[in-house]
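coords please:
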Amino acid sequence: MPVILVTNDDGVHSPGLTSLFRAMETLGDAYVIAPDRERSAISHALTMHRPLRVEQLKERIYSINGTPTDCVAVGINKILPARPAFVVSGINKGANLGDDITYSGTVSAAIESTIMGIPAFAVSLVMQKQPTSHANFETAAEIAIEIGKYILAHSLPYDTLLNVNIPEVPRDSIKGSKLTRQGKRIYDDSIKETFDPHGQKHYWIGGGNPYWEHGEDTDIQAVQDQYISITPIHLDLTNYDAMKFLKDKLIIQPINPEYP
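Take a look at the predicted model:
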């Protein structure tokens, strides 16, 4: 049976993680190694300023007082009995669409696995209302099984992970799936200015009104149209078109005149 690592950024007690773990148990020897508490929007942070504590909660279920990236790194190198066939991160309570993926701990866990040469995908449930513990994760878990089966049979392209977003609608209302590109989403008025009882000014980051790029091939548009969005994310961030554009234009002269 293949070993499968299940993690997330919502914490080890998240119902989305539980649903995903049960789903992955149908495909192999699934292990949960997840943060001991919510670590949303922590991106690809790696804990280097303090030691990490691992706690076994149940058979094949572990928590770490660190980030999703920590969980993947420590889990694969120190906890799992064998190298996993793949890593799956989720099911996230809320979307990871467009520019959100740069902040996402869910996606970053999959990134860490991909860096280590292990296929990975991230799964998020796109809710229309404020995320709650009562969300229906079952449809997303079923989709994760199908993607897991594909990876076991075919793997994934080099340096590539999948970012999967599933609309929270009845299963029979999902129109299908689309391979999509990362869209653009920005938030207006996302920095709130507040004052404490002593009159000291503080700032609260979060919320705001989202604005997004419309386009038939974007992840955001696909989910809005009730499709499952599957975005292949490549680790190489180099803009090769920009390299061609800048090649003969951006020239920095050597500081030392001895060099040609």
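
all helices for this protein, in order.
Taking DSSP state H, the helices of the chain run over residues 15-24, 68-74, 105-115, 138-154, 219-224, 240-246.

got a list of contacts for the second one?
Contacting residues not belonging to helix 68-74 are listed as 5, 7-9, 33-35, 39, 42, 44-47, 52, 54, 64, 66, 87, 89, 105-106, 108-109, 111-113, 116 [Cβ atoms under 8 Å, 6 or more residues apart in numbering]. No exception for glycine: its C-beta is placed from N, CA and C like everyone else's.

type out the PyMOL command that picks the buried ones from these.
Those of these that count as buried under 16 or more other Cβ atoms under 10 Å are selected in PyMOL with:
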select buried, resi 5+7+8+9+33+34+35+39+42+44+54+64+66+87+89+105+106+108+109+111+112+113
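
among the contacts of helix 68-74, which are in strands?
5, 7, 33-35, 54, 64, 87, 89 (DSSP state E).

between these, which is nearest Ser124?
Looking at those and their distance to Ser124, the nearest is Ser89, at 9.2 Å (Cβ to Cβ).

what sits against the closest one?
So Ser89 contacts 6-9, 68, 106-107, 109-110, 120-123 (Cβ under 8 Å, 6+ apart).

in the stretch 151-260 of the chain, where is pLDDT below threshold?
187-190, 206-211, 259-260 (pLDDT under 70).

how about the helices of the chain, which one is nearest Trp204?
That would be helix 105-115 among these, by Cβ to Cβ, at 19.5 Å.

could you tell me the angle between that closest one and helix 15-24?
40 degrees (axes from the mean of the first three to the mean of the last three Cα atoms, to 10 degrees).

ok, and what's touching stretch 91-98?
Residues contacting stretch 91-98 (Cβ under 8 Å, 6+ apart): 8-10, 14, 16-17, 19-20, 104, 106-107, 122-127, 131-132, 135, 137, 140-141, 144, 163, 165, 182-185, 212-213, 218-220, 223, 229.

ends of it, what's the gap?
Start-to-end span of stretch 91-98 (Cα to Cα, to the nearest Å) is 17 Å.

how many residues are close by the residue lying closest to Asp225 once chain neighbours are set aside?
Spatial nearest neighbour of Asp225, excluding adjacent residues (Cβ to Cβ, 6 or more residues apart in numbering): Lys175 at 6.9 Å. Other residues near Lys175 number 12, with proximity taken as other Cβ atoms under 10 Å.

what's the answer for Ile186, then?
Neighbour tally, Ile186, other Cβ under 10 Å: 13.

between the contacts of Ser89, which is nearest Asp29?
Using Cβ to Cβ, the contacts of Ser89 come closest to Asp29 at Val6, 11.0 Å.

quick check: bridge partners of the closest one?
Val32, Val88 (DSSP bridges).

how about it, what does it touch?
Shown in contact with Val6 (Cβ under 8 Å, 6+ apart): 17, 20-21, 24, 30-34, 87-89.

distance of Arg171 relative to Phe21?
According to Cβ to Cβ, to the nearest Å, Arg171 stands 20 Å off from Phe21.

more neighbours, these two?
Phe21 (22 against 11).

now Thr139: how far from Leu125?
On the measure of Cβ to Cβ, Thr139 and Leu125 end up 8 Å apart.

same check on Val74?
From Val74 to Leu125 the distance is 26 Å (Cβ to Cβ).

neighbour count: those two, which is higher?
Taking other Cβ under 10 Å, Val74 and Leu125 do not tie; Leu125 has more neighbours (26 against 18).

in this structure, which residue is closest to the centre?
Nearest to the geometric centre of the chain sits Val107, at 1.5 Å (Cα atoms, centre = their mean).

wait, what's in contact with that one?
89, 96, 101, 122, 161, 163, 233.

let's see if you can find the most crowded of those.
Ser89 (35 neighbours).

Val123 versus the nearest residue to Asn163 once chain neighbours are set aside, what's the distance?
Counting by Cβ to Cβ, 6+ apart, the nearest residue to Asn163 once its immediate chain neighbours are dropped is Thr231, at 4.4 Å. To Val123, Thr231 is 12 Å away according to Cβ to Cβ.
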